[in-house]
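S.K.: With the input below, show me the fold.
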Amino acid sequence: CIRDSLQTEDQMPLFLLNTVGFPGVPFPMHIFEPRYRLMLRRCMDGQKRFGLISCKKNAAGAWVPCNIGTCLKIREVKILEDGRSYVDTIGWKRFKVLDHWDCDGYKVGKVEWYEEPQRTPEIIKRDDEAAAKIRSTIVDLATQHAQCEGLKQLVEIMQKYSSDMPLDSESFSFWLAAYLPITGWFKQHILETVSTYERLTRINELISMKPHD
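M.R.: Presented below is the predicted three-dimensional model:
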């Protein structure tokens, strides 16, 4: 399986997990399963990155991997005496799985990068305005509905991670989706949305829904 596990520009190990990672957002991990320990060792010997793929249940109740994921770059690994590892990763960029196969107990995938088309200055201006609208919406709603637990939680999250909050609208859309207390399904939906403006619009629609105090 060594040949099939090689890391190239369009081939990488896949870590299947019931959660979603986003570009530019830290993603700390605790790796303890033997198959993923092996995967981690191979990643460290290679390009120090792997793909994170969220899973969802199908009609039969079985977990099925999504087609769009986030490539994580490994920044630091702390190996414990019992073989487990704490791994500091950060989301790099999105990819689409074209094919996948088993390799020593974990998945390896053939991928293509899933990126937003280059944005013109006019589009960036529109996206920045949408991001500013969300910031304003959160502040206004928190003031109007101070007793709403959901909004209080949202404001607390914004304050807790404010030092890492990106200024550019594209990164902000991913950052916000990562830290918002929303369902995994909606997070995956945001990850798969190509346009920054569409991501921000859908997030704004969600947080603008009338709160229940």
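S.K.: what's the single longest helix in this structure?
M.R.: Longest helix in the chain by number of residues, with DSSP state H as the criterion: helix 121-144.
S.K.: Output that one in CSV with nothing but the alpha carbons.
M.R.: Coordinates of the C-alpha atoms in helix 121-144 are reproduced here as CSV (Å, rounded to 0.1, in the frame of the first residue of the first chain):
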residue,chain,number,x,y,z
PRO,A,121,-12.1,44.6,-6.8
GLU,A,122,-15.8,45.2,-7.3
ILE,A,123,-16.6,41.7,-6.0
ILE,A,124,-14.3,42.1,-3.0
LYS,A,125,-16.0,45.5,-2.2
ARG,A,126,-19.4,43.7,-2.3
ASP,A,127,-18.1,40.9,-0.1
ASP,A,128,-16.6,43.3,2.4
GLU,A,129,-19.9,45.1,2.7
ALA,A,130,-21.6,41.8,3.4
ALA,A,131,-19.1,41.0,6.1
ALA,A,132,-19.6,44.4,7.7
LYS,A,133,-23.4,43.8,7.6
ILE,A,134,-23.0,40.6,9.6
ARG,A,135,-20.8,42.3,12.2
SER,A,136,-23.4,45.0,12.6
THR,A,137,-26.3,42.5,12.7
ILE,A,138,-24.6,40.5,15.6
VAL,A,139,-24.1,43.7,17.6
ASP,A,140,-27.6,45.0,17.0
LEU,A,141,-29.3,41.7,17.8
ALA,A,142,-27.3,41.2,20.9
THR,A,143,-28.4,44.7,22.1
GLN,A,144,-32.0,44.1,21.3
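S.K.: for the record, mean pLDDT for it?
M.R.: Across helix 121-144, the average pLDDT comes to 84.
S.K.: ditto for stretch 99-118
M.R.: When the per-residue pLDDT values of stretch 99-118 are averaged, the result is 92.
S.K.: do the same with stretch 7-14
M.R.: 88.
S.K.: got the buried residues for the longest helix of the chain?
M.R.: Judged by neighbour count (16 or more other C-beta atoms under 10 Å), helix 121-144 contains these buried residues: Ile123, Arg126, Asp127, Asp128, Ala130, Ala131, Ile134, Ile138, Leu141, Ala142. The C-beta positions use only the backbone N, C-alpha and C, and glycine is treated the same way.
S.K.: for stretch 90-102, same thing?
M.R.: Ile90, Gly91, Trp92, Arg94, Phe95, Lys96, Val97, His100.
S.K.: what's the answer for stretch 101-113, then?
M.R.: Buried positions in stretch 101-113, judged by neighbour count with 16+ other C-beta under 10 Å: Cys103, Tyr106, Lys107, Val108, Gly109, Val111.
S.K.: and that stretch, how far out from the chain's middle?
M.R.: Computed by C-alpha atoms, centre = their mean, to the nearest Å, the separation of stretch 101-113 from the middle of its chain amounts to 19 Å.
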